[in-house]
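Predicted coordinates and the sequence they were generated for:
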Amino acid sequence: MSLFDKLEQITAARQTLADKGIKSNVVMEKVLSSTEAIINGRRMILAGTNNYMGLTFDPDCIEAATQAAGKLGTGTTGSRMANGTYSGHVQLERELADFYGCTYGVVFSTGYIANLGMLASLTAPGDVLMIDADSHASIYDGCRLSGAEIIRFRHNDAGDLEKRLKRLGDRAANTLIVVEGIYSMLGDRSPLTEIATVKEKYGAFLLVDEAHSLGVLGDRGRGRAEETGVEDRVDFIVGTFSKSLGAIGGFCVSNHPELDLVRFASRPFMVTASSSPSVIASTRAALHIISTRPELRRKLWDNAHHLYEKLQGLGFQLGPEPSPVVAVRVASIDEAVALWKGLLEYGVYVNLVTPPATPDGGCLLRCSVSAGHSPEQIEQIGNGFALLRETVQEAATA
Ligand SMILES: Cc1ncc(COP(=O)(O)O)c(C=O)c1O
């Protein structure tokens with residue numbers, strides 16, 4: 001038995017992809033804008049980047065980042081608990097709390113770390129975490145770190161959640177329910193009103209991860225809780241800077257004063273270096289933009305509907321509802337790889353997602369739409385799928 005035996009499964013999975021001609025990760029050789037890059041020496045439309053607001057090249061964000069690096073240096077070289085809390089971190093925490101109309105806000109170094117930090121400081125052995133079965137890996141890892149009992153309920157099924165809470169008896173009131181605003185793989189929204197009702201009936205707590213819904217949903221872009229009108233029924237909102245805000249980092253906001261104690265209770269907050277000043281500065285500029293430019297959200301949704309309807313019209317099997325995440329279901333890994341490679345040759349980059357990362361064991365070509373895409377780019381993405389499908393089908397019947 002070797003130390004490396006457990007990695008054999010990964011070697012085998014990589015070999016399967018290598019046999020089909022996918023040898024390594026895609027490398028962005030040059031990034032030209034929020035929607036275009038050079039990959040394999042070719043100009044591509046980026047349709048798989050989570051850059052929902054298209055802010056990665058926004059002049060205000062770049063200017064803020066450049067100024068901050070010039071004035072404050074390239075990194076903090078320390079954790080939030082030691083020397084890594086600058087005025088910008090504190091101001092961003094205040095601005096995030098104000099944006100959500102909450103009293104407290106905490107900034108973490110990534111969204112992954114925010115979930116680890118929140119779940120592992122709010123719950124401990126003896127508590128119960130009740131999570132949607134399709135939760136992101138950072139939620140699963142946070143659950144493991146907490147040592148609490150983990151119970152999964154059926155994806156987006158408030159009835160199943162209730163059944164499982166009822167079985168817990170008195171322990172239901174000490175349960176933290178965790179859901180996402182929009183689910184990252186299929187782009188479907190959580191039934192948050194029903195979930196909040198169940199949570200209140202059993203006196204439990206509710207944390208919503210708005211990673212894919214911040215900037216995207218709600219009149220002010222605050223996410224699914226805003227869209228469904230349940231913000232005052234949600235205990236904790238977690239989010240990331242790595243999608244709509246075009247940077248890297250994570251946060252939690254809440255009206256519970258206990259959130260502030262996370263600064264002293266959460267190892268993922270305390271023992272990793274804090275975000276660099278440039279990241280904090282561009283995130284603050286991006287937050288200001290999503291609060292003041294609702295037209296970006298309208299453009300994002302126009303693009304999302306455009307692509308969803310175009311692919312639906314072409315007969316592709318898609319996620320359950322139009323969303324900036326447009327997931328194309330593909331019957332087999334061979335077909336998924338052929339389509340993905342063909343799209344790259346055509347000039348469109350999307351995410352290839354294979355099991356176990358997919359919710360139902362199938363394969364997906366996951367597109368994410370941006371406010372930065374032009375209608376012509378959306379047409380071109382759709383045309384790539386149309387052309388490729390014919391080629392793949394011809395190859396399958398040859
Ligand atoms: C639902 C969800 N939560 C958290 C994260 C982690 O965010 P980050 O990339 O900032 O670590 C992601 C990232 O894909 C996500 O989809």
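Here it is on my side, so go on. Numbers count the residues shown, from 1 in each chain.

CA atoms for contacts and neighbours, from now on please.
Noted.

and Gly347, what is it in contact with?
Arg42, Arg43, Met44, Ile45 (Cα atoms under 8 Å, 6 or more residues apart in numbering).

And what about the closest residue to Ala97 other than its chain neighbours, helix, strand or coil?
In this structure, Ala97 finds its nearest non-sequential neighbour in Gly105, 5.0 Å apart by Cα to Cα, 6 or more residues apart in numbering. Counting by DSSP: H, G, I helix; E, B strand; the rest coil, the backbone at Gly105 sits in strand.

Please work out how many residues are found near Leu145.
Residues near Leu145, counting by other Cα atoms under 10 Å, number 16.

Which helix or which strand is home to it?
helix 137-146 (DSSP states H and E).

Name the residues of that helix that are buried.
Going by neighbour count (16 or more other Cα atoms under 10 Å), the buried part of helix 137-146 is Ser138, Ile139, Tyr140, Asp141, Gly142, Cys143, Arg144, Leu145, Ser146.

tell me which of those residues is nearest to the ligand?
Distance to the ligand, by Cα to the nearest ligand atom, is smallest for Ser138 among the buried residues of helix 137-146, at 5.8 Å.

could you list every residue that touches that closest one?
Residues counted as contacts of Ser138 (Cα under 8 Å, 6+ apart) are Tyr112, Ile113, Asn115, Leu116.

do that again at 10 Å, thanks
Gly111, Tyr112, Ile113, Ala114, Asn115, Leu116, Leu119, Arg144 (Cα atoms under 10 Å, 6 or more residues apart in numbering).

Touching stretch 290-300 from outside, list them.
So stretch 290-300 is in contact with 52-55, 99, 214-222, 244-245, 285-286, 289, 301-306, 323-324, 369-375, going by Cα under 10 Å, 6+ apart.

scratch that, stretch 74-85
65-66, 68-69, 86, 89, 107-109, 263-264, 267-279.

Kindly write the ChimeraX command that selects the buried subset of these.
Here is the ChimeraX command that selects only those of the contacts of stretch 74-85 that count as buried (16+ other Cα under 10 Å):
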select :65,66,68,69,86,89,107,108,109,263,267,268,269,270,272,273,274,275,276,277,278,279
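
thinking again about what came up before, quick one: buried ones out of the contacts of stretch 290-300?
The buried subset of these (16+ other Cα under 10 Å) comprises 52-55, 99, 214-218, 220-222, 244-245, 285-286, 289, 301-306, 323-324, 369-373.

measure stretch 262-272 end to end?
14 Å (Cα to Cα, to the nearest Å).

Please see if it touches the ligand.
No - under the criterion of Cα under 6 Å from any ligand atom, the ligand is not reached by stretch 262-272; the shortest gap measures 12.2 Å.

Quick one: mean pLDDT over that stretch.
The average pLDDT within stretch 262-272 is 95.

related to what we said a few turns ago, contacts with the ligand among the buried residues of helix 137-146, please.
Ser138.

mind putting the buried residues of helix 137-146 in a markdown table, pLDDT included?
Putting those into a markdown table (pLDDT from 0 to 100) gives the following:
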| residue | pLDDT |
| --- | --- |
| Ser138 | 97 |
| Ile139 | 98 |
| Tyr140 | 97 |
| Asp141 | 98 |
| Gly142 | 98 |
| Cys143 | 97 |
| Arg144 | 97 |
| Leu145 | 97 |
| Ser146 | 97 |
